[in-house]
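> Turn this into a structure:
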Amino acid sequence: MFLSFIVFFLIFSLLILIHELGHLLVAKKSGVRVDEFGFGFPPKLFGKKIKGTLYSINLIPFGGFVRIPGSEYEEGNKKDKGNFANKKPSTKFFILTGGIFMNLFLAIVLYYGLFIVTNFTSLPLFLMDDFSFRYGETKVTQNVIVYSQNNIFKPGDHILQIRQDNNSNIAIAPQNPEEVINFIADKNDKNLIFKVQNVQDSIIREVTAKTRYEESLGRFVVGIGLGESVNISYSRPLEKILSPFLHSYNIFSYSGSIFKTLIKASIETKSAEPVAGTLTGPVGIFFIVEALIKIGGVSALMAIIDFTALLSLSLAIMNILPFPGLDGGHLVFVGYEVIFKKTPPLKFMRITSSAGMAFLVVLAIFIAFKDFFMFR
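So this is what the prediction gives:
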């Protein structure tokens, strides 16, 4: 638990700080004053002022922030050349997107480092629907356990063989989920031995699971859900050079396809549960990090790097959405300024951004409770 918390803390802080660092660097390069760059959130523990910017360490040790005068739509001196509000739209655009590009940059660097180690083949990715990746060559593995109702199996266990007790005459090497289901279906209160190889660490082991009758299905089960995993290989010379970008596109398009499917399911069932169930916040991320650490060894380190790259990519995509309070929401105001040659009223921008942030905070609290009860 302690190690999981430390790793979670490092990942979370890295993602937020690299984002805020993007705003800081572009602002300074553009001649915009930066009053404070903080690690963590107030109250402040200590800080040091360097070239007009206070670099602070704060009590609440998660993430960080950057204070740029005029960026929160407060009243300011219109003659102040270092004020964000007094800069031209193109400058505002680059400052607002600085954090987004830094998160994209981090994802690219992490993916490239990972691909060098793995010979330009991605780590296993669970498939949730029949999706065709645009770039790279895919290798699909069937009969992968995606969830288990007990602690006997691990997510990612690939079933190589099933046999009844130690009787090798009653055994199969299943090629698809139907063969697994059919083999278990008539085994009345039996101990079955599963030979599995986890797709994450490649370790082969044997586990024993007892069958039980499931009334709703009308057959015997062992409490597992089967799916597929895929490894994407970027083997051609140009693919190797562009592998982080190609992989980012693959992941983004795959995530979009899943989200589209979930929205469709929500509409059909007239329930928000399919979409809401997939939203994950810091609490859910912590439990995922804890699960990755349990993989152990080098495989755990690689899985954490891969997950961090995915989070950084997700943070960049989320922040570019045109929602009040996010960088994308601020970009909408910049777009208005470009079109109408004037900024929207300060009060309107301030209220809209505050309302958007309030909504996001409430949403984050809701997701935190949902994650706690789902992952505990």
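
> how about the closest residue in space to Asp201 that isn't next to it in sequence, what does it touch?
Excluding its sequence neighbours, the residue lying closest to Asp201 (C-beta to C-beta, 6 or more residues apart in numbering) is Ser299, at 4.0 Å. Where you see a C-beta, it was placed from the backbone N, CA and C, and this is true even at glycine. Ser299 makes contact with Gln200, Asp201, Ser202, according to C-beta atoms under 8 Å, 6 or more residues apart in numbering.

> Can you verify the first one is assigned to a helix?
No: assigned with DSSP: H, G, I helix; E, B strand; the rest coil, Gln200 falls outside any helix and is coil.

> Pretty sure Arg33 sits against Gly82.
Yes: in this structure Arg33 lies within contact range of Gly82 using C-beta atoms under 8 Å: 3.4 Å.

> Overlap of the contact sets of these two?
Going by C-beta under 8 Å, 6+ apart, residues that sit against Arg33 and also against Gly82 are Pro69.

> re the thing from before, now the contacts of Ser299: which count as buried?
Gln200, Asp201 (16 or more other C-beta atoms under 10 Å).

> Could you list the buried residues of the helix or strand containing Phe126?
Using DSSP states H and E, Phe126 maps to strand 125-127. Buried residues in strand 125-127, counted by 16+ other C-beta under 10 Å: Leu125, Leu127.

> elements contacting it?
strand 137-148, strand 224-233 (3 or more C-beta pairs under 8 Å, 6 or more residues apart in numbering; DSSP states H and E).

> Could you identify which of these is most buried?
The highest average neighbour count among the helices and strands packed on strand 125-127, using mean count of other C-beta atoms under 10 Å, belongs to strand 224-233 at a mean of 19.

> any idea which helix or strand comes after the helix or strand hosting Phe287?
Per DSSP H and E, Phe287 falls inside helix 282-293. Sequence-wise, the next helix or strand downstream of helix 282-293 (DSSP H and E) is helix 297-319.

> can you give me the angle the following helix or strand past that next one makes with helix 297-319?
Scanning forward in sequence from helix 297-319 by DSSP H and E, the next helix or strand is helix 327-340. With axes from the mean of the first three to the mean of the last three C-alpha atoms, to 10 degrees defining the directions, helix 327-340 sits at 30 degrees from helix 297-319.

> Show me what secondary structure element comes after helix 327-340.
Assignment by DSSP H and E places the next element after helix 327-340 at helix 346-375.

> counting contacts, what elements does that following helix pack onto?
helix 282-293, helix 327-340.

> what about 6 Å?
helix 282-293 (3 or more C-beta pairs under 6 Å, 6 or more residues apart in numbering; DSSP states H and E).

> Can you list the helices and strands that the helix it packs on packs against?
helix 2-29, helix 297-319, helix 346-375.

> Identify whichever of these lies nearest to Asp186.
Smallest distance to Asp186 across the helices and strands packed on helix 282-293 (C-beta to C-beta): 33.2 Å, for helix 346-375.
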